[in-house]
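> Just a sequence and a predicted model for now, questions to come.
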Amino acid sequence: MSTSVESTGRDGSRAAPAGLLTLGGAPLPLTVPARVYVCGITPYDVTHLGHAATFVWADVLTRVVRMTGVDTVVTRNITDVDDVLTRAAAERGRGYDEFGLTQEFWFDRDMADLHVRPPTHAPHARHHVTHVVRLAAALLATGAAYERDGHVFFRGAGVPAATGLDRAAALALSREYGDRPDDPLRDDPFDVPVWHPSAPGDPAWPSPWGPGRPGWHAECAAMALATLGGVVDVLAGGADLAFPHHAYQSAMASAVTGAAPFARRGLRVGTVGLAGAKMAKSTGNLVLVNDVLQGRPAAAVRLMLLHRDWREPWDYRPEDVDAAVGRLEELYVAAGIRSGSAGAVDRVRAALLDDLDVPAAVGVAIEAGGDAARQVIRTLALQ
Ligand code: ZN
């Protein structure tokens, strides 16, 4: 990859010319600055390893882009207008906004501990309600949405097919993620709310369609449009966000801007499991970032999250951190070697640009040592 000869990526995909990022199996020539939208947390509980994997990978993507000399603008939102947050706050007798800020404080601490750089923009959904109202009005004006009984529904009948999902699979996912496809108020099961009335006692804002609040997908579409513009280079998040969330967020943005695709590429990070089941707050099957970090170097936890293919789902095992501690030691020893082979730094950079191939980059760095090892430590923030 360090020469101008075209080569084939590790999964048989097309490889980019030297110095160009390949992401998701195809070259991605970047705009300057590169714009990255990362779907952030709903701040109702502590951060688990699945969240950490997503945000550490998004961080590494931006660091690799910056390694090429291209600056990045990153938005990572906070979904603080959400039923699950409202419920969690109410159970504790606290306001959703104040409770959310407390959770955000712990999240920011976990991210700082994991060397994740703060995003350029960290918009809160509750501060962007007027942007969602404008988005809803624009979708109504173009005929991409309709008003019904205080709701504004986005016409989403074509979204599953555009995502490559069959109807049955899409219906199951819509139900799982709370899009309520069986609601008889809608023209089509795949229509989703841009705006809907709030339940009594829940947060509500004024709108031309009556008091209410934004739908989840519309929040992210509005925050992306407000902070990054009509097209992003990379839309990042956990693999489970591909449908419905990323699909609808993208469809709504494209419907108002006319620019498609909204996201030039997706970075949907493989789900982290525990003992064969998905790690999730809702099931209590989770490992907290703060617990994993106890007594272990943060750089080793970071390397454990990164020493794999970002797309692949995986199961967390405590011994994986021990392996990462050992690998990190090798890397530090290699970095202490005064010089190294001249081509090794190029090979490290080429591996990172080849779909963020961290295991290949680390392998070269440990073998060659010197500048190559220092490059890996610097770019992956393993200090
Ligand atoms: Zn989102």
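It's in.
> ok, whatever residue of the stretch 51-200 of the chain ends up closest to the ion - contacts?
When scored by CB to the ion, the stretch 51-200 of the chain has residue 77 as its residue closest to the ion, at 6.1 Å. Where C-beta positions appear, they are placed from N, C-alpha and C, glycine not excepted. Residues in contact with residue 77 (CB atoms under 8 Å, 6 or more residues apart in numbering) are 37-40, 122-125, 219-220, 223.
> got the contact list for the most centrally placed residue in the chain?
Among the residues of the chain, residue 237 comes closest to the average C-alpha position under CA atoms, centre = their mean, at 2.1 Å. By CB under 8 Å, 6+ apart, the contact set of residue 237 is 38-39, 54, 245-246, 267-269.
> Now the element after the helix or strand hosting it, going C-ward?
Using DSSP states H and E, residue 237 sits in strand 232-238. Tracing the chain past strand 232-238, the next element assigned as helix or strand by DSSP H and E is helix 247-257.
> I figured residue 269 hits residue 51, correct?
No - counting by CB atoms under 8 Å, residue 269 stays clear of residue 51, with 9.9 Å between them.
> what sits in contact with each of the two?
Residues touching both residue 269 and residue 51 (CB under 8 Å, 6+ apart) are residue 238.
> quick revisit: make JSON lines out of the contacts of residue 77 and add secondary structure and pLDDT.
What follows is the contacts of residue 77, written out as JSON lines (DSSP: H, G, I helix; E, B strand; the rest coil; pLDDT from 0 to 100):
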{"residue": "37", "secondary structure": "strand", "pLDDT": "98"}
{"residue": "38", "secondary structure": "strand", "pLDDT": "98"}
{"residue": "39", "secondary structure": "coil", "pLDDT": "96"}
{"residue": "40", "secondary structure": "coil", "pLDDT": "92"}
{"residue": "122", "secondary structure": "coil", "pLDDT": "96"}
{"residue": "123", "secondary structure": "coil", "pLDDT": "97"}
{"residue": "124", "secondary structure": "strand", "pLDDT": "95"}
{"residue": "125", "secondary structure": "helix", "pLDDT": "93"}
{"residue": "219", "secondary structure": "helix", "pLDDT": "97"}
{"residue": "220", "secondary structure": "helix", "pLDDT": "97"}
{"residue": "223", "secondary structure": "helix", "pLDDT": "97"}
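> Give me the nearest residue to residue 80, chain neighbours excluded.
Closest residue in space to residue 80, ignoring its immediate chain neighbours: residue 100 at 4.2 Å, by CB to CB, 6 or more residues apart in numbering.
> Assumed that neighbour was part of a helix.
Yes - assessed with DSSP: H, G, I helix; E, B strand; the rest coil, residue 100 lies in a helix.
> what pLDDT does it get?
Looking at residue 100, its pLDDT reads 84.
> need the contact list for it.
Contacts of residue 100 (CB under 8 Å, 6+ apart): 43-44, 78, 80, 85, 89, 124.
> now with 7 Å?
Listed by CB atoms under 7 Å, 6 or more residues apart in numbering, the contact partners of residue 100 are 43, 80, 85.
> Repeat that for residue 76.
By CB under 7 Å, 6+ apart, residue 76 lies in contact with 38, 40, 119, 122.
> Swap in 10 Å and give it another go.
36-41, 54-55, 58-59, 111, 116, 118-123, 223, 227, 236-237 (CB atoms under 10 Å, 6 or more residues apart in numbering).
> ok, now residue 371?
Residue 371 sits next to 335, 337-342, 344-345, 348, 365 when contact means CB under 10 Å, 6+ apart.
> so the residue nearest to the centre of the chain bridges to which residues?
residue 268 (DSSP bridges).
> Next up, phi/psi of the residue of the stretch 1-150 of the chain found nearest the ion, please.
Ranking the residues of the stretch 1-150 of the chain by distance to the ion (CB to the ion) places residue 39 first, at 3.2 Å. The phi/psi pair for residue 39 (degrees, to the nearest 10) reads phi -70, psi 120.
> for the stretch 151-300 of the chain, what spans make up the strands?
Under the criterion DSSP state E, counting those that start in this stretch, the stretch 151-300 of the chain contains strands at 151-154, 192-196, 213-214, 232-238, 263-269, 272-274, 277-278.
> what pairs with the first one, and is each one parallel or antiparallel?
The strands beside strand 151-154 in its sheet (DSSP bridges) come out as strand 145-148 (antiparallel), strand 192-196 (antiparallel).
> Using TSV, please lay out those together with distance to the ion.
Shown next, in TSV, are the strands paired with strand 151-154 (distance: least, CB to the ion, whole Å):
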stretch	distance to the ion
strand 145-148	19
strand 192-196	13
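> could these be laid out in a markdown table, adding mean pLDDT, mean neighbour count and distance to residue 63?
Compiled in a markdown table, these are given as follows (pLDDT from 0 to 100; neighbours: other CB atoms under 10 Å; distance: least, CB to CB, whole Å):
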| stretch | mean pLDDT | mean neighbour count | distance to residue 63 |
| --- | --- | --- | --- |
| strand 145-148 | 98 | 18 | 38 |
| strand 192-196 | 97 | 27 | 34 |
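> Compare these and report which one is nearest to residue 213.
Ranking the strands paired with strand 151-154 by proximity to residue 213 (CB to CB) places strand 192-196 first, at 6.9 Å.
> Distance from that closest one to the middle of the chain?
With CA atoms, centre = their mean, to the nearest Å as the basis, strand 192-196 stands 22 Å off its chain's centre.
> wait, which of the strands of the stretch 151-300 of the chain is closest to residue 25?
Short answer: strand 263-269, nearest of those by CB to CB, at 9.7 Å.
> Buried residues of that closest one, list them for me.
263-269 (16 or more other CB atoms under 10 Å).
> Same question for stretch 64-73.
Buried residues in stretch 64-73 (16+ other CB under 10 Å): 64-65, 67, 70, 72-73.
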